[in-house]
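> Compute the structure for the input listed below.
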Amino acid sequence: MSNSLIYSYKKLNESFKKKLSYRIGDDGFFSNYNCMIYAMLYCLNNKIQFNLCNSGNYFGKQDNDPNIFFEPFTNQVIDNGKHFRTTNYKYALKKLLKGNLNTIKSLYPYINFWKKQLYTQDVWGKSTDLSAQKKRYVIPELQIDSDMRTACSRLVELTWRYTEHTKAEVENCMNTVNLPSNYIGFHIRRGDKDTEVSLENINEYIEKAETLSSVRNAYILTDDYTVIEEIKQKYPQWHVYALCKPGERGYTHSIFMQTDPVKKRNSVITLFANIEILAKSDYFIGNFYSNVGSYLGMRMDKSKVYSIDNFRWGF
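Okay, here's the model as predicted:
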């Protein structure tokens, strides 16, 4: 990506008078990253200057900060503790119309047309509202004239820039896998994801892949090695590659957050290596209910990304 896109974004972003201080949350990385992209697009469409809080995120200027993985792309502001997430404003409005006056307070963050300084909660419900996906976004300064998914892909291009140190770590991790030239990428999540949605059978992924290509090389992103064992046993004609280790039996975010900083960083680097490998696959097969699937749905060519859950891309 040329520096001209960054320059154009910064010039346009800093021309807006109304400002947003946005804080990335503490749950799963791609959940937070995707929502940041949606918020950035909302701000561009509504002429709001997007700034990141200087804590709790992966972007920054500080040298030797283990939390920094990406180059900064916008101004950073002090986190003053006023950022929080609140209820969906349509839900609160519906309750209010039914006579529940207790929802007035929860609606306040969304009534922001006179505010000059906004916080995360002021755009949270609006940037992830289903109506956002129906809009056409025209931002000529960034060469955007498209639907939401394509517009978001432009912002991924803008923000997904590793620091040199992170880039080297990711490439070293990727090089531990002796991948063939052509392969199909899969994301098959286990761990705490089964508490959110029902999980598809592995055969659904393989059957979809076999309708798309004669390639029988599979790269699997999973947090549970039993997935790999099952594929090898049921589909011996497939050659399976993965960074997942035999001892891994599912990801649980609450446990990850208690991991020591060195192991936590190594885990994030491994995740990024997985993502880079998937992004280079002939086809990617996953789920749009997963934030990894939603991210790759923005980053990759639409014709190469398939969701087997019948969810549309987005939220």
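> Tell me, what's the model's pLDDT at Glu248?
pLDDT for Glu248: 78.
> actually Asp65, not the one I wrote
Note for Asp65: predicted pLDDT of 69.
> One more: the one 4 residues further on?
Note on Phe69: pLDDT of 92.
> Ile275 is in contact with that one, correct?
No: counting by CB atoms under 8 Å, Phe69 does not reach Ile275; the two are 11.8 Å apart. Bear in mind the C-beta positions are built from the backbone N, C-alpha and C, glycine included.
> What lies in contact with the lengthiest helix in the chain?
Looking across the chain with DSSP state H, the single longest helix is helix 261-279. If you take CB atoms under 8 Å, 6 or more residues apart in numbering as the criterion, helix 261-279 is touched by 29, 66, 69, 162, 166, 169-171, 173-174, 177, 179, 185, 187, 219, 221, 243, 256, 259, 284, 292, 295-296, 299-300.
> got the end-to-end distance for stretch 137-146?
Across stretch 137-146, the terminal residues are separated by 5 Å (CA to CA, to the nearest Å).
> Identify all contacting residues around that stretch.
By CB under 8 Å, 6+ apart, the list of residues contacting stretch 137-146 from outside reads 5, 8-9, 11-12, 41, 44-45, 136, 147-148, 150-151, 154, 158.
> Could you do stretch 300-308 as well?
Contacts to stretch 300-308, defined as CB under 8 Å, 6+ apart, come from residues 149, 200, 204-205, 208, 212, 279, 281-289, 293, 296-297, 313.
> let's see it at 6 Å
Here stretch 300-308 makes contact (CB atoms under 6 Å, 6 or more residues apart in numbering) with Glu200, Glu204, Lys208, Ala279, Tyr283, Phe284, Ile285, Asn287, Phe288, Gly293, Leu296, Gly297.
> how far away is the fifth one from Ala209?
Separation of Tyr283 from Ala209 (CB to CB, to the nearest Å): 7 Å.
> Which neighbours do those two have in common?
Residues touching both Tyr283 and Ala209 (CB under 6 Å, 6+ apart): Ile184.
> more neighbours, those two?
Ranked by neighbour count (other CB atoms under 10 Å), Tyr283 and Ala209 place Ala209 first, with 23 against 20.
> on that earlier part again, list the pairing partners of whichever helix or strand comes after the longest helix of the chain within its sheet, with orientation.
Later in the chain than helix 261-279, the nearest helix or strand by DSSP states H and E is strand 283-286. Under the criterion DSSP bridges, strand 283-286 sits next to strand 184-187 (parallel), strand 305-307 (parallel) in its sheet.
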